[in-house]
Each structure stands twice: as C-alpha cells, then as structure tokens.
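A.B. asks: Show me the folded form of this:
(2 chains)
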Amino acid sequence: MMPSAAPVAETERGRGDVPFAEPAAKIPWASLSLLAFLAQKSLFESRLGLLLLVAAVATGVGFQVANTANLEGYQAALLDEGIAAGSGDIRVRPRHGQTLENVARLTADLARYPGVRAVLPVVMVPGAIAARGRGSFTGSLVVGVDGEGEFRPFRLASGRPLARGDDAGILVGESLADRLGLRPGDAVPMRALLAAGPALLDEERYGRYTLTVRGLAGGAWGADESVFVDRTFLAREIGAPDEATLIVVYLGDHFAARPLARRMESDLPAVTARAWIDDSPFLASSFHAYQAVSTLSQTMVVVAVTIPVLALLYINVLQRRREIGLLCALGIPRREVFVVFLLQALAVGLIGAVVGCALGYVVIRYFQAHPIFAWKGFVIRPVLAWTCFVKPSLVVVGATVLAGVYPAFRAATADPAPVFRGLGE
Amino acid sequence: MTPVVRAEGLSRRHGESSVVRALSLEVGPAESLAILGPSGCGKTTLLHMLGLLDRPSAGRVLLDGVDVWAESSPAQARLRLLRVGFVFQQNNLFGHLSARENIALPAWRRSGSKRLALGEADAWIERLGLAQKASAPGRSLSGGEAQRVAIARALINRPSLVLADEPTGSVDSRSAGQIIAALLECCTAHQAALIVVTHDRDVASRMARSLSMRDGAIAPEAPEAHEAHPGGAPG
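C.D. replies: From the prediction side, this is the model:
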C-alpha cells in the first residue's frame, strides 16, 4: 500500500547551512510584485520589441487624441454656429396664424423652465436693401432682435451690436455686405414688407428707411444673408409691439432640448416648440455625421493598434518558449504565467498611452495654431480638454490588454516538455 | 524506507511510437540514480514524467506518496515548486536576470517575500562559490557557473527530488566534476533524491545506482548498482 499524501509543510527535509523560510500554509497566488518583476524584466530585455510595441500603441493614442480633439472642436463649433449663434435650442412658433401674441408674458413663461439660459423673441419680415447710391435692391430677410443680449441668432463679425431702441441702426450679414460693398458706418436704404397674408403686397404697407450699418453679422445658418434691426423698432413699425414671429430659447445643455420642447408644447397649447435636432435637418445630420466619424475613427484605431500589438506579443511568446518552460518547471502556475504576459501587455499599453498623449498634445497645439477649417469667423479648432486624452487612452489601453489576452493564453497553455526535449536527448 | 519517488508502469506514446514502455523505478531520500542510454531511448521523457512536465500515457508517479498526475494543474505547479528541482543541460537560466535573481525566483514564489528569497539566494551563492558572479546576468555566465546557479535554484526550496538532465553535457570535464560533486553534496545534505540522465559513464559511476534504458525500457544488461557514498560523491 502506498503512503498517503502528506502536506508539503509536514514533509521531513534535511536542514543545511542556508536559511529557509517555510512555505506559507497556502500559496494561492504569488505576490503581484514577483509577477510584475518577471513581466518587467522580460519586457525590457528586447528593446526593439518594446520600442515597436510602444510605437504602435503611441501612434494609435496620439492619432486618436488629436482626432478626438478636432472632432470635439468640430462639434462645439457646429453647435455654437447652429445653436448658440443661430436659431437656438428650441424654436417656439404659433400653432395657428402668423405671429405669437402676448410675447412679453410668453417670454417670461418660457424663461421659467429649468435649464433655460435665455429667451429671445424675434420678428421676421421680407425686405430688401441696397448699397447707397445704387438703385437696385437685393432681397433679404429682415430680422428684428434684441441685439444687446448675450444670446442672439447671429455672430457679430465686426462693428458693434445694436443698442435697445436703436431705430436708426442695422446689422448686415457678411455675405450680403460683401456683395453690396457695405461696411460699418455706411448708410443703407432698406425696404420692409410690414404686412402679412392678403395685405402682403399692399404698397402702402412698405416701410422705407435709411439706416446706418452698425456692424456685420456672421452665421452659417442664414445670418450672413440677412439683415438685423432692433425688434421693438420693427414691431412698432408693423403695429404689433407685443407680437413675434418666433421665440428662440437657449439652453445650458443642448441635448436637453428635445424633452424640454415636448414639455413646452404640452404646457402651452397655442404654440409649437421644436428642438434644434428636429428643426434643423442639416445641423442634425452634421451632428450625426460627427458621431459616426468619431465612432469609425475609434474603431479603426482599435483595429490598427490591436493587430500589430497582438502580432508582436504573440511573436514575443514564441521567442520565449524556453523561458515559459522554465517558469513551468520552477512551479509557477499557468494562471500566473498568463498574468505575467498580460501585465506585459498592460505595461505596453500604459507606456504607449503616456507617449501617445504627449504626441497628441503636440498635434493638438499644431492644429490650434493652424485650424483645419476657417471661414468668415467660423473656425474649427481642436478642443484641449482632459476628456480628449482620457477616452482614447482608455480605449487603446483596453485594446492593448485585449490584444495581449491570446498571446498570454498561449504562454499559459504552452507544453514545456517539447521545449526541453529538444535539447535533452 | 519510503521512497521519495516511485514510478509504476510508466508509459509514454508519441503518436504510434512508444517512447517509454511500462517502466517502474523508485528512489529513496539522499539516494542518487543515473539513467544511461543512447539518444532517443526515452531518458528525458522519463525525467519529464517524473518531474510533472510531461503527462504519462499510462502508469503513475508517486512523489512523497502523492499520485502527482492525479492532482489538479495548480496542485502540480505547487508540487514542482516545493518538491521538485530541475537542472537542465543548458540555457537553464533567465538570461536577463542576475545569478542572484535566478536563484531567488522559486524562493520568492514560495515565501512571497523578495527580501527573504534574496537572503536565501545569497547563502547559496556563498555556498557554491558564486559570490563574484552574483550580480552578473545569467547570459554572461560560463557553462560551469550557469550549472552551479541552476543547482542552487533547484535546491533553494529544499525539494524531495532533484532531476538533472545531462547537467554536464555542455561543460568541460573539470567543471563536470565540480557540478556533479556539488549536486551530490547538496542533495545528500538536504536528503533529496537525485536522478541524473547522462551519456557519461564517469558521471554515472558517481551515483549510488545506475540503470540503462533502451527503446523506452530498462535494458536487461543494466550495470550493477553502486553503493551510495555517505555524504555525497564517492570521489
């Protein structure tokens, strides 16, 4: 009969002249420091291999950091141009008829909704302007706004804003001003149709004015082809001082617009309220395109990093078959061999992320100095925010660790016998 | 005396060919055994089966009474860590680790403490006359130095069984003598069973017993057993 199995600690062993620490009663895992030590020593042994791995990860992170910053800048510029300097987050229009009535009260009601930063009544009529000394008029939308506030449906490109009650001033859209050769300070004749419906073509309802250009207005969503006058002046000329064609609502969070618009419609049956994402198909499409490009870019970077990293780590495992065999022979469990090689992937990912962030920072600074798009004050600059570094880094480090799983698995499941047999007999 | 290692009917097939055929042996504490035989006769495969590196196709291995191949993979790793020491022919060491770190690795895994492990490694370095090379990377050591480091690493966890596969195969005869003397001395001091696979009859003659293998089995003309020399090598 064979002797029964005895715990290792109870096995009798001779004592020599060297110190000996008894093994722990249970050794479920080696200390992480041993595994980290093995991973670090093995990883840094092949400088070229490490350099290639870090270069692959750093390139991916650097590219994606700069790309994210540019896309964030594009999104911010897009939303700023289309919403903050455009038609606002929520557009409130009359459900029936041409104009909103009791605008002062309606404006106050809308301002009470949570998240609302500004409420701006707007009066719009068809009109035309001409360069001074020229007889021909160019058709244009005449927009009456309170131009002094922080929020307005255009970007002031040059000159100064309209003061409240300024019934002699006008802001001209940049493109229109370019065609007509207008500059701030010029006097400009303006015609405006002050009626609506059947009375629209009544010649008696034409307003004829000569106004002074106070400034030029920009904006990719129609502002550069429009003219802007003081709302109280235009409303008075129309004869409806407490009416507006449209009320523009500005929010702190652009993405809260849709639910809030629904709530406004539900609360205020006389009006329709549409969020920018539903009311501006071009802006919404552009925003969706940004999201698609961002996701696609991230996916491409993940693939572009994963494939070379997986290949390099796998080659590393193949080159270290004897080391893996030795670890096995020394009694390092397979799961710890797996961890050693996974830690190498993690280290490569972290080092690559740090280098890639530095690379990305340099690229961002370059694109800040040399924007990828600039047109009449509408400039897309990369956003230098920590989120632009953290998200790509986490994604690429995660991809690197995932890429390390298969090589680590192969290392952990390698059969040591053939490696040693090749030299033994 | 209870044998340290006992093989019962061990067989190993690679595809259609039998590498080791129904082989049985046992080795006791502080006993040394040489396994002789021509290349390809199954010596190394036998050693790997005894040391839990290669699973037998049939038969079993009892190490300190434990049927090792019936254990789980983590338990086998623990047995290799604590009860088995290996010395291979060459490329025994991690080339990027120092001699001291190479020796300390199993002790670090056993104790969980780098400090304790390095302390034990230092004692082994002193004992095997490697003080000058303690910090040298494994890849820079000569064949004889590397084998002495490998012996220290194999014995640092006080294993019951030391398996040496052609430990003198890649060193000169003077170093070979020193390596075998060190192996025998250390194994005897720690009551470890020693099994040495070798082509060298001089090496075999210094073991307490020897057996020859041919075609995966013990050859009938196996040399007579030598008496173990008390305290290590017979000189």
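
A.B. asks: What residues does the residue most central in space within chain A make contact with?
C.D. replies: Centroid-nearest residue in chain A, with Cα atoms, centre = their mean: A:E72, separated by 3.1 Å. Residues near A:E72 by Cβ atoms under 8 Å, 6 or more residues apart in numbering or on different chains: A:382-383, A:385, A:387-388. (C-beta placed from N, C-alpha, C; glycine too.)

A.B. asks: A:M264 now?
C.D. replies: A:90, A:92, A:110, A:113, A:249, A:271, A:273.

A.B. asks: Tell me which two of the residues you listed sit farthest apart.
C.D. replies: A:Y113 and A:V271 (12.8 Å; Cβ to Cβ).

A.B. asks: re the thing from before, just the buried residues of the contacts of A:E72.
C.D. replies: A:382-383, A:388 (16 or more other Cβ atoms under 10 Å in any protein chain shown).

A.B. asks: Next, count neighbours for residue 89.
C.D. replies: If you meant another chain, say so; for now it's chain A. Around A:D89 there are 29 other residues, counting by other Cβ atoms under 10 Å in any protein chain shown.

A.B. asks: ah, I was thinking of chain B
C.D. replies: 23.

A.B. asks: so what's the backbone phi/psi at it?
C.D. replies: Main-chain dihedrals, B:Q89, degrees, to the nearest 10: phi -70, psi -50.

A.B. asks: Could you confirm A:Y250 falls within a helix?
C.D. replies: No. Under DSSP: H, G, I helix; E, B strand; the rest coil, A:Y250 sits outside any helix and is assigned strand.

A.B. asks: Specify the beta-bridge partners of it.
C.D. replies: A:A118 (DSSP bridges).

A.B. asks: before we move on, which element is the residue nearest to the centre of chain A in?
C.D. replies: helix A:47-79 (DSSP states H and E).

A.B. asks: Quick one: distance of that helix to the chain centre.
C.D. replies: Centroid displacement of helix A:47-79 relative to its chain, using Cα atoms, centre = their mean, to the nearest Å, is 14 Å.

A.B. asks: on that earlier part again, and of the contacts of A:M264, the nearest to chain B?
C.D. replies: Closest approach to chain B among the contacts of A:M264 (Cβ to the nearest Cβ): A:Y113, at 61.9 Å.

A.B. asks: hang on, the earlier thing: show me what the mean pLDDT comes to for the helix holding A:E72.
C.D. replies: Regarding helix A:47-79, the rounded mean pLDDT is 91.

A.B. asks: same check, this time on stretch B:26-35
C.D. replies: Stretch B:26-35 shows a mean pLDDT of 94.

A.B. asks: cool, stretch B:120-135 as well?
C.D. replies: Stretch B:120-135 shows a mean pLDDT of 92.

A.B. asks: try stretch B:4-21
C.D. replies: Mean predicted confidence for stretch B:4-21 is 91.

A.B. asks: returning to that earlier point: narrow the buried ones among the contacts of A:E72 to those in strands?
C.D. replies: Per DSSP state E, strands hold no members of the buried ones among the contacts of A:E72.

A.B. asks: Mind checking which of those residues are in helices?
C.D. replies: A:C388 (DSSP state H).

A.B. asks: Any idea how many residues pack against the residue in the stretch 301-425 of chain A that chain B sits nearest to?
C.D. replies: Nearest residue of the stretch 301-425 of chain A to chain B: A:G331, at 2.5 Å (Cβ to the nearest Cβ). A:G331 has 27 neighbouring residues, counting by other Cβ under 10 Å.

A.B. asks: that older thread, out of the contacts of A:M264, who's the most crowded?
C.D. replies: Among the contacts of A:M264, A:I90 has the most neighbours (other Cβ under 10 Å), with 30 neighbours.

A.B. asks: gap between that residue and A:D278?
C.D. replies: Using Cβ to Cβ, to the nearest Å, we find A:I90 at a distance of 10 Å from A:D278.

A.B. asks: quick one: low-confidence parts of chain A?
C.D. replies: A:1-30, A:132-135, A:196-204, A:220-221, A:422-425 (pLDDT under 70).

A.B. asks: Which residue does chain B have closest to chain A?
C.D. replies: Closest point on chain B to chain A, by Cβ to the nearest Cβ, is B:L81, at 2.5 Å.

A.B. asks: which residue ranges form the helices in the chain?
C.D. replies: This is for chain A. A:32-45, A:47-79, A:103-111, A:174-180, A:231-238, A:257-267, A:276-279, A:281-319, A:321-329, A:334-369, A:386-412, A:416-424.

A.B. asks: ah, I was thinking of chain B
C.D. replies: Counting by DSSP H, the helices of chain B are B:43-50, B:73-83, B:99-111, B:114-127, B:143-155, B:173-189, B:201-205.

A.B. asks: show me what contacts residue 152?
C.D. replies: Using chain A here. Taking Cβ under 8 Å, 6+ apart as the criterion, A:R152 is in contact with A:85, A:120, A:145-146, A:161, A:228.

A.B. asks: think we crossed wires, I meant chain B
C.D. replies: So B:A152 contacts B:103, B:121, B:124-125, B:127-128, B:130 (Cβ under 8 Å, 6+ apart).

A.B. asks: Let's have these in JSON lines, adding neighbour count and distance to chain A.
C.D. replies: Formatted as JSON lines, the contacts of B:A152 follow (neighbours: other Cβ atoms under 10 Å in any protein chain shown; distance: Cβ to the nearest Cβ, whole Å):
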{"residue": "B:I103", "neighbour count": "32", "distance to chain A": "11"}
{"residue": "B:A121", "neighbour count": "28", "distance to chain A": "9"}
{"residue": "B:W124", "neighbour count": "25", "distance to chain A": "6"}
{"residue": "B:I125", "neighbour count": "24", "distance to chain A": "10"}
{"residue": "B:R127", "neighbour count": "19", "distance to chain A": "6"}
{"residue": "B:L128", "neighbour count": "22", "distance to chain A": "10"}
{"residue": "B:L130", "neighbour count": "21", "distance to chain A": "13"}
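
A.B. asks: Identify, from those, the entry nearest to A:G49.
C.D. replies: B:I103 (26.6 Å).

A.B. asks: mind checking how far the closest residue to that closest one other than its chain neighbours is from B:A131?
C.D. replies: Among residues not flanking B:I103 along the chain, B:A121 sits closest, at 4.0 Å (Cβ to Cβ, 6 or more residues apart in numbering or on different chains). Computed as Cβ to Cβ, the B:A121 to B:A131 distance reads 11 Å.

A.B. asks: what ranges of chain B fall below the confidence cut-off?
C.D. replies: Applying pLDDT under 70 to chain B flags residues B:1, B:221-235.

A.B. asks: tell me the centre residue of it?
C.D. replies: Centre-nearest of chain B using Cα atoms, centre = their mean is B:L163, 1.6 Å out.

A.B. asks: For that one, give me its contacts.
C.D. replies: B:47, B:50-51, B:84-87, B:195, B:197.

A.B. asks: separation between it and A:I372?
C.D. replies: From B:L163 to A:I372 the distance is 66 Å (Cβ to Cβ).

A.B. asks: do the same with A:S294
C.D. replies: 15 Å.

A.B. asks: Check A:V122 too.
C.D. replies: 33 Å.
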